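Chemist: model this:
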Amino acid sequence: MNTQNLSYVRSDMLNAQPAPISTRTVSGWVRTNLLATPKDTVLTLLAVVLLIWALPGILDWLFFNAVWSGSDRSACTTVAQGGIQPEGWKGACWAFVGDRFQQFMFGRYPLDERWRPMLVAALFVVLLVPLLVPKLPRKGLTALLFFVVFPVVAFFLLHGGVLGLEEVETPLWGGLMVTLILSFVGIAVSLPVGILLALGRRSKMPVIRMLCVGFIEIIRGVPLISVLFMANVMLPLFLPTGWTIDNFLRALVGVAIFASAYMAEVIRGGLQAIPKGQTEGSESLGLSYWQTMRLVILPQAIKLVIPGIVNTFIGLFKDTSLVSIIGMFDLLGIVRLNFTDTTWITPVTPITGLIFAGFIFWLFCFGMSRYSAFMERHLDTSHKR
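Modeler: Reported below is the predicted structural model:
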């Protein structure tokens, strides 16, 4: 009988190791994330020093020395400038934001009719929440109401002219309301159109492939401002004599076209990441092309490119500020328009208004980013144990 070679078997036991650091406690989280290595410790200390140096001044300007109430510019100017603040005063003028808040939200929409955009916003939230929560049932019905019924109801509520509602022309629309409408329409249109363009670009039919490639490359090759100018100036040229299109509708078309071209490339990246065997396996089961795409390929491709899709949505949400070039005033445009109001002309009015607008944009973009991360975790089932 041959003697087995047991040289690989350990003859002595390892020394006892200290218990792992728990990241569920504050001290454990700090040691794991901030003080894990000497380099992390140095960077953490530098960051703490920077915060100690900068944070008090920032907080003083934003909150403690800020003016929160007032009816005109005198509340946010020093005595030498004709106001009531002492010499050397430095602070934000939130009184300006408070006084113009409704205008920042609704533009020049009539005061007596502003319950209508508020109702539309409430309906938007009520229909959106069930779509965003994965565990809630009846997603198909909710999607139908949100993407088909809601836009029609919202249009008649906002524009009026029916059922006794006063007609409110789109030039009176503005503020955050315009930003959200442009973003919603751009997002709702760009995803399905982008999917069709991505499939068309991969089509084996030369005519369809060339048309999709031409559309995508032309639109991606010009800035959004050019697309908006073309939609505003050239689109009416293709209409019969005497026909016209509302300026706001032209902006909606331009934003949707621009976003669709970028979305098509994001979706195409996801399609290319799917192994060819997925398509071959679907065909072996007798599935048609559209069944294969709908049931097998697209669900996997979209899951892979969720970060790219949300990134496109965030970029679109911020790019809506460019509509001010064609005479529409979104949130940023209406804020900047108020800088010339003689009632509130002060040295701190512009920066206060821009900080407010920036915070609103950040709030929505951060929300989309966090929901994107949540959906990635929720759909990432490939490595679960």
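Chemist: so how far is the first residue of stretch 98-117 from its last?
Modeler: Start and end residues of stretch 98-117 are separated by 19 Å (Cα to Cα, to the nearest Å).
Chemist: what's the single longest helix in the protein?
Modeler: Counting by DSSP state H, the longest helix found in the chain is helix 349-379.
Chemist: quick one: it to chain centroid distance?
Modeler: 7 Å (Cα atoms, centre = their mean, to the nearest Å).
Chemist: buried residues of it, list them for me.
Modeler: For helix 349-379, the buried set under the neighbour-count rule, 16 or more other Cβ atoms under 10 Å, comprises 349-350, 352-353, 355-357, 360-361, 364-365, 368-369, 372, 375. Where C-beta positions appear, they are placed from N, C-alpha and C, glycine not excepted.
Chemist: swap in stretch 157-171?
Modeler: Of the residues in stretch 157-171, 157-160, 168, 170 count as buried by neighbour count, 16+ other Cβ under 10 Å.
Chemist: now do the end-to-end distance for it.
Modeler: Stretch 157-171 has an end-to-end distance of 16 Å (Cα to Cα).
Chemist: how far does that stretch sit from the chain's center?
Modeler: With Cα atoms, centre = their mean, you get 28 Å for stretch 157-171.
Chemist: stretch 260-273 now?
Modeler: For stretch 260-273, the distance to the chain centre is 18 Å (Cα atoms, centre = their mean).
Chemist: other residues contacting it?
Modeler: Residues outside stretch 260-273 that contact it (Cβ atoms under 8 Å, 6 or more residues apart in numbering) are 189-191, 193-195, 197-199, 201-202, 212, 215-216, 219-220, 297-298, 300-305, 308-309, 311-312, 315.
Chemist: buried only: go through those for me.
Modeler: Buried members of the contacts of stretch 260-273, scored by 16+ other Cβ under 10 Å, are 189-191, 193-195, 197-199, 201, 212, 215-216, 219, 297-298, 301-302, 304-305, 308-309, 311-312.
Chemist: so which of these are in helices?
Modeler: Going by DSSP H, the helices hold 189-191, 193-195, 197-199, 201, 212, 215-216, 219, 298, 301-302, 304, 308-309, 311-312 from those.
Chemist: one step back: closest to residue 115 out of the buried residues of stretch 157-171?
Modeler: Of all the buried residues of stretch 157-171, residue 115 sits closest to residue 157, with 9.6 Å by Cβ to Cβ.
Chemist: wait, that closest one touches residue 166, no?
Modeler: No. Contact between residue 157 and residue 166 fails when scored by Cβ atoms under 8 Å: they sit 11.3 Å apart.
Chemist: how about the residue nearest in space to the middle of the chain, nearest residue that isn't a chain neighbour?
Modeler: In the chain, the residue lying closest to the centroid (Cα atoms, centre = their mean) is residue 314, at 3.2 Å. Once flanking residues are discounted, residue 314 sits nearest to residue 365: 4.8 Å by Cβ to Cβ, 6 or more residues apart in numbering.
Chemist: distance of the closest residue to residue 317 other than its chain neighbours from residue 16?
Modeler: Of all residues not flanking residue 317 in the chain, residue 183 sits nearest, at 4.6 Å (Cβ to Cβ, 6+ apart). Distance, residue 183 to residue 16, using Cβ to Cβ, to the nearest Å: 58 Å.
Chemist: the two: who's more crowded?
Modeler: Using other Cβ atoms under 10 Å as the criterion, residue 183 and residue 16 rank with residue 183 on top: 22 against 6.
Chemist: which helix or strand contains the more buried one?
Modeler: Here residue 183, judged by DSSP states H and E, is contained in helix 176-201.
Chemist: other SSEs contacting that helix?
Modeler: Applying 3 or more Cβ pairs under 8 Å, 6 or more residues apart in numbering; DSSP states H and E, one finds that helix 176-201 contacts helix 101-106, helix 115-132, helix 150-159, helix 206-220, helix 247-272, helix 306-319, helix 331-337.
Chemist: quick one: that helix to helix 115-132, angle?
Modeler: Orientation of helix 176-201 against helix 115-132 (axes from the mean of the first three to the mean of the last three Cα atoms, to 10 degrees) gives an angle of 40 degrees.
Chemist: now do helix 176-201: distance to the chain's middle.
Modeler: Helix 176-201 has its C-alpha centroid displaced from the chain centroid by 12 Å (Cα atoms, centre = their mean).
Chemist: what's the answer for stretch 233-245, then?
Modeler: Mean-position distance between stretch 233-245 and its chain equals 32 Å (Cα atoms, centre = their mean).
Chemist: got the buried residues for the helix or strand bottoming out on mean pLDDT in the chain?
Modeler: Ranked by mean pLDDT, DSSP states H and E, the weakest helix or strand in the chain is helix 26-33, scoring a mean of 80. Neighbour-count burial for helix 26-33 flags residue 31 (criterion: 16+ other Cβ under 10 Å).
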